[in-house]
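In: Got a predicted model here, sequence first, then my questions.
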Amino acid sequence: MPTFLDTHAWVWWITKDRRLSRRAHSTIQGALSLEGVWISAISIWEVAKKVEKKQLVLDRALRHWLDLAISVQGLYIAELTNAILIESCELPSPFPGDPADQMIVATVRHYNGRLITKDRELHRYPHLRCLW
């Protein structure tokens, strides 16, 4: 089962932020040694948007940070295919998140994966496997 990282989990993992739970960190390390970990391509946009809005401050220029953050060995990017984009609009109701969350969840469901996220609303969504 592929392991996906929500945007905040990806950022916290890359930056070694203590907000990443021990269980999440351990799961990521285990997945890296087996099949790798995944992010949705929309997470790249989310990071850029947070930097634009000054909600996220990076230790280097955005493009340089992203180049490094997506080049980690064992990290893969799931592209937003037509099937995923359509599925993001057809998720079972009620969906608790914003459009970026919809695309992340649709991606995870498309690949029959699990999502590492701290987002409580996503944990309560019964049509998604989450862990933290």
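Out: Received the coordinates, thanks. Residues are numbered from 1 along each chain as shown.
In: can you give me the strands for the protein?
Out: Taking DSSP state E, the strands of the chain run over residues 3-5, 37-40, 75-78, 114-116, 130-131.
In: Residues touching the fourth one, excluding its own?
Out: Residues outside strand 114-116 that contact it (CB atoms under 8 Å, 6 or more residues apart in numbering) are 1-6, 9, 24, 27-28, 104-105, 108, 122, 128-132. For the C-beta atoms, the positions are set from N, CA and C on the backbone; glycine is no exception.
In: any idea what sits nearest L66, other than its immediate chain neighbours?
Out: Closest residue to L66 apart from its sequence neighbours, by CB to CB, 6 or more residues apart in numbering: I44 at 6.2 Å.
In: residues contacting that neighbour?
Out: Neighbours of I44 in contact, by CB under 8 Å, 6+ apart: L66, I70, I77.
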